[in-house]
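> Build me a model from this:
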Amino acid sequence: MDTGTIQATDFMFTAQDLQLINHKGLTVKDIESQLQSFSSGFPPLDITGPAVPGNGIVCLDREEQDVLVRRYEQWNGSRIKFVPASGAASRMFKDLFEARELLSRDRHARLPEHMEEFYDRLQEFAFYPTLSGLDGFDLQDRYGILDLLLERNGLNYAFLPKGLIPFHKYPAAARTPFEEHLVEAALSSAQPDGTVRVHFTVSEEHRPLFAELWHKVGKIYEEKFGVRFLISFSTQSPATDTLAVGMDNRPFRRNDGSLVFRPGGHGALLGNLNSLEEDMVIIRNIDNVVPESLLEPVIHWRKVMAGYLLQCRKQVYAYINELKQGAGTLRLKEMAVFLERTFGFIHPRMEGEEFRSYLFCRLNRPIRICGMVPATGEPGGGPFRVRDKNGSESLQILESVQLQGKKYESTHFNPVDIVCSFKAYDGTAYKLTDFRDDNTGLITYKSLEGRDLKALELPGLWNGGMSRWNTAFVEVPISTFNPVKTVMDLLRKEHNN
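Numbers count the residues shown, from 1 in each chain. Below you'll find the predicted structure:
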């Protein structure tokens, strides 16, 4: 065998391949595992049905909400907001790219109705003052407007992350999602000493831009809300990248012969999450923001969910300590009922010491409280019940692709508003990869250099990445969910204040 190659499964890797693999922090064994996933696929989930109010989704009345809010407001533990913010805005402007392509061939081309609305209401966008101030801006030049908005010779929005795009208008200046998350954190997760911790996961290339914006506006928001922000950033580890393959499941190579690696999806952020040391972590997507005037329900329900987490965690810790001290049969039954009612478990049949050990294992896990909004047709994952091989059932957030084409009468969906804790009863932090279901990855189809390829996504952060957490679903109102998926969403009344 050539000394510059190594045998791995049925494939030969060159010295350059090995150098790239090692540079990313991966091993040949990791690559073999990824190739095996492409070859064998992922087993279907045993979905027993959607979680609904009264059976998997908790609905709290006003008195219960107020009790939980007070519990949270009286708590002095550490907390941090975790905001995945590395997503590029290119998909947000997909329709604009398509319109520009049409206009490049015919400047007077008839555009889809929603694009005509884009031009008619252009002055309502928060970015309009900056756009209209650029050299070469002409309100009558439809093609030129798109070029200035998207490309590097103008605002460069197609190449920026969503977090840095101006979303909302204010008298003083427009605000980006990055800034709106600062405001939301100041009003919902400030600690008793006035500090506010927020952690953003960003791409390496955009990290300086986020840092620049923070240094520009940080003092403004600290003075406005009387707090001190502790802002931190992290990037997705290259070791979470996954190898692309061709349709024959062999490593895909560019025309120059090099291997192709792709980001492993938001499940790759599990390590970033695990690096946080706070007692409570609040997870919310970068594009799910509203203007400050509409924050009241968001703040209220954030505190409700945080209070619910504290209530659940206190009981979990108490039961674990009882188990360690030899709790009797009646207490074991009480613990089983608690797990059923709180985290939706249906237990396998067992008794005696096996049951005691099972209860300890079930209780001794990270906890997450997930907001669930009534279904309105918005895209997103949903709450379901899934049966394990041992016959037990648990609550899971599943993406539509995981439903294998089956239709369910789901009443709610997941807005990615999660309050969680991965501190164990003894104060140590759980290793989150121990609670991930590695059999819940996804295989997607892409193309590069005119050829089809397969890409591998790791178990999703709030899907399979948290599969073995103790999960509770709490109904929250639709007013807490206002994502921006396309530029036209910014014209909704929830964003165009």
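> and Asn364, how many residues sit next to it?
By other CB atoms under 10 Å, 17 other residues sit near Asn364. C-beta: built from backbone N, CA, C; applies to glycine.
> Over to the one 10 residues further on?
One way to gauge burial is a neighbour count; for Pro374, by other CB under 10 Å, it gives 13.
> Identify the residues contacting it.
For Pro374, the contact set (CB atoms under 8 Å, 6 or more residues apart in numbering) comprises Thr411, His412, Glu475, Pro477, Ile478.
> Report the two of these separated the most.
For these, the maximum inter-member distance is 13.8 Å, found between Thr411 and Pro477 (CB to CB).
> who's more crowded, the two?
Neighbour totals were compared for Thr411 and Pro477, and Thr411 leads with 16 against 13 (other CB under 10 Å).
> Not counting sequence-adjacent ones, nearest residue to that one?
Val52 (5.1 Å; CB to CB, 6 or more residues apart in numbering).
> same thing with Asp138?
Gly144 (5.7 Å).
> residues contacting the one you found?
So Gly144 contacts Gly136, Phe137, Asp138 (CB under 8 Å, 6+ apart).
> What separation is there between it and Ala99?
Computed as CB to CB, to the nearest Å, the Gly144 to Ala99 distance reads 12 Å.
> what comes into contact with stretch 358-365?
316, 319-320, 323, 332, 335-336, 339, 345, 347-348, 350, 424-425, 430, 435, 468-470.
> Show me what counts as buried in that stretch.
Tyr358, Leu359, Arg362, Leu363, Asn364, Arg365 (16 or more other CB atoms under 10 Å).
> Please enumerate the helices of the stretch 101-250 of the chain.
Using DSSP state H, counting those that start in this stretch, the helices of the stretch 101-250 of the chain run over residues 113-120, 128-132, 142-150, 177-188, 207-225.
> Which strands or helices does the last one pack on?
Judged by 3 or more CB pairs under 8 Å, 6 or more residues apart in numbering; DSSP states H and E, helix 207-225 is in contact with helix 177-188, strand 228-234.
> For Val28, which of the ones you listed is the nearest?
strand 228-234 (26.9 Å).
> which helices and strands does that closest one pack with?
So strand 228-234, by 3+ CB pairs under 8 Å, 6+ apart, packs with helix 177-188, strand 195-201, helix 207-225.
> any chance of those in a markdown table, with mean neighbour count and mean pLDDT too?
Converted to a markdown table, the helices and strands packed on strand 228-234 look like this (neighbours: other CB atoms under 10 Å; pLDDT from 0 to 100):
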| stretch | mean neighbour count | mean pLDDT |
| --- | --- | --- |
| helix 177-188 | 23 | 98 |
| strand 195-201 | 22 | 98 |
| helix 207-225 | 14 | 97 |
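> among the ones you listed, which is nearest Pro161?
Nearest of the helices and strands packed on strand 228-234 (CB to CB): helix 207-225, 7.9 Å.
> chain center to stretch 73-89: distance?
Remark: stretch 73-89 is offset 12 Å from the chain centroid, using CA atoms, centre = their mean, to the nearest Å.
> and if you look at stretch 49-68?
23 Å.
> Please enumerate residues in contact with that stretch?
So stretch 49-68 is contacted by 300, 303-308, 311, 344, 372, 382-385, 395, 408-412, 472-475 (CB under 8 Å, 6+ apart).
> Just the buried positions in the lengthiest helix in the chain, please.
Ordering each helix of the chain by length in residues (DSSP state H) puts helix 296-324 first. Neighbour counts over helix 296-324 (16+ other CB under 10 Å) mark 298, 300-313, 316-317, 319-320, 322-323 as buried.
> buried residues in stretch 488-497?
Met488, Asp489, Leu490, Leu491, Glu494, His495, Asn496.
> quick one: contacts of that stretch?
95, 114, 117-118, 121, 124-126, 167-169, 290-291, 293-294, 482-484.
> These, buried ones only, as a PyMOL selection?
The PyMOL selection below is limited to those of these classed as buried (16+ other CB under 10 Å):
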select buried, resi 95+118+125+126+167+168+169+290+291+294+482+483+484
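> ok, back up a step: mind putting the helices of the stretch 101-250 of the chain in TSV, distance to Val28 included?
Shown next, in TSV, are the helices of the stretch 101-250 of the chain (distance: least, CB to CB, whole Å):
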stretch	distance to Val28
helix 113-120	49
helix 128-132	49
helix 142-150	41
helix 177-188	39
helix 207-225	30
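> Mind putting the helices and strands packed on strand 228-234 into CSV with distance to Arg152?
What follows is those, written out as CSV (distance: least, CB to CB, whole Å):
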stretch, distance to Arg152
helix 177-188, 21
strand 195-201, 24
helix 207-225, 13
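> hang on, the earlier thing: of the buried residues of stretch 358-365, which is the nearest to Phe42?
Relative to Phe42, the closest of the buried residues of stretch 358-365 is Arg365; by CB to CB it sits at 22.5 Å.
> Adding distance to Gly41, write the helices and strands packed on helix 207-225 out as CSV.
Formatted as CSV, the helices and strands packed on helix 207-225 follow (distance: least, CB to CB, whole Å):
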stretch, distance to Gly41
helix 177-188, 36
strand 228-234, 31
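> between those, which one is nearest to Thr201?
With CB to CB as the criterion, Thr201 lies closest to strand 228-234 of those, at 5.5 Å.
> Off-centre distance for that closest one?
The answer for strand 228-234 is 18 Å, by CA atoms, centre = their mean.
> Run the angle between it and strand 195-201 for me.
Using axes from the mean of the first three to the mean of the last three CA atoms, to 10 degrees, the inter-axis angle of strand 228-234 relative to strand 195-201 is 20 degrees.
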